[in-house]
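Visitor: For reference, the sequence and a predicted model appear below.
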Amino acid sequence: ECHNSTSTSWRLMGWSRIMSNKNNLLCRQIFPRYYLRFFSNQINVEGTISRFGKGVEAGQYAQVERVFSKKDVADFGRLVGDQNPIHSNNFSQLPNDVQPLLERSGLTSRPLVHGMLAASLFSCIFGTLIPGSVYRNQKLTFRFPIFVDDKVLAKVTVTKVRHLKGGNGTLLSCDTEVLAKDDHKVSITGDAVVWLPITK
């Protein structure tokens, strides 16, 4: 049988039972939100864009919540070589007149999350929801800072769908935004173009 009442129902089903269920394909088609939650490396992508992007159309959306920890920010900084002290609150090596300016700007209360780290949630959405998708373009505007331990919501909304000739995939144009979960203040806005390995 295909359980769909609550997420608890899914948890009570053993992984082997779920994966061997002959109606698994039907489950993912009828209840894509629940299927994504438990079959995409535990990443909870929600919305109206279906798994694998089948039937995608303008107006549909997908979103994911995330809290970036101090370790996440430190790991990202080491990976890309960005040792800016605003991401660690280690201001000891800054000129004396810089920290007061940062304080007046409200940037010293907690470590800041790298803007590009937060924006990578858009790629997370497509990579999780539609495996094989490829980013073609992304424009970003950083409006408000995101701090360590803030809960944020990243959302992509489809604005245009273009099926390429010869069955060579589909291009999606999307609006993208990251906003604070508590007060809905928009931190990042932009738009993206993503190639999907699907046809009509």
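Guide: Yep, that arrived.

Visitor: Can you read off the pLDDT for residue 34?
Guide: Looking at residue 34, its pLDDT is 42.

Visitor: I should have written residue 19 there, sorry.
Guide: 42.

Visitor: do residue 13 as well
Guide: For residue 13, the model assigns a pLDDT of 38.

Visitor: Going forward, count from 21.
Guide: That works, and once the first residue is 21, the last one we named lands at residue 33.

Visitor: Give me the most central residue, the chain.
Guide: Centroid-nearest residue in the chain, with CA atoms, centre = their mean: residue 141, separated by 2.8 Å.

Visitor: so what secondary structure elements neighbour the strand or helix carrying it?
Guide: According to DSSP states H and E, residue 141 maps onto helix 135-149. When contacts are defined as 3 or more CB pairs under 8 Å, 6 or more residues apart in numbering; DSSP states H and E, helix 135-149 packs onto strand 81-87, helix 90-100, strand 154-162, strand 171-183, strand 190-200, strand 206-216. C-beta coordinates here come from the backbone N, C-alpha and C atoms, glycine included.

Visitor: which stretch among these comes nearest residue 124?
Guide: Counting by CB to CB, residue 124 lies closest to strand 154-162 out of the helices and strands packed on helix 135-149; the figure is 18.9 Å.

Visitor: looking only at pLDDT, what's the mean for that closest one?
Guide: Taken as a whole, strand 154-162 has an average pLDDT of 97.

Visitor: Same check on stretch 126-145?
Guide: For stretch 126-145, the per-residue pLDDT averages 94.

Visitor: Any buried residues in that stretch, and which?
Guide: 127-128, 131-135, 137-139, 141-142, 145 (16 or more other CB atoms under 10 Å).

Visitor: How about stretch 69-85?
Guide: In stretch 69-85, counting by 16+ other CB under 10 Å, buried: 69, 70, 71, 72, 73, 76, 80, 82, 83, 84.

Visitor: Tell me if I'm right that the last one and residue 145 touch.
Guide: So that's residue 84. Yes: when contacts are counted by CB atoms under 8 Å, residue 84 is listed as touching residue 145 (5.5 Å).

Visitor: any common contacting residues for those two?
Guide: Common neighbours of residue 84 and residue 145, counting by CB atoms under 8 Å, 6 or more residues apart in numbering, are 65, 174.

Visitor: mind listing what residue 219 touches?
Guide: 183, 187, 189, 190.

Visitor: what sits against the residue nearest to the centre of the chain?
Guide: 84, 86, 172, 174, 198.

Visitor: What's the ChimeraX line that selects buried ones from these?
Guide: Here is the ChimeraX command that selects the buried residues among these (16+ other CB under 10 Å):
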select :84,86,172,174,198
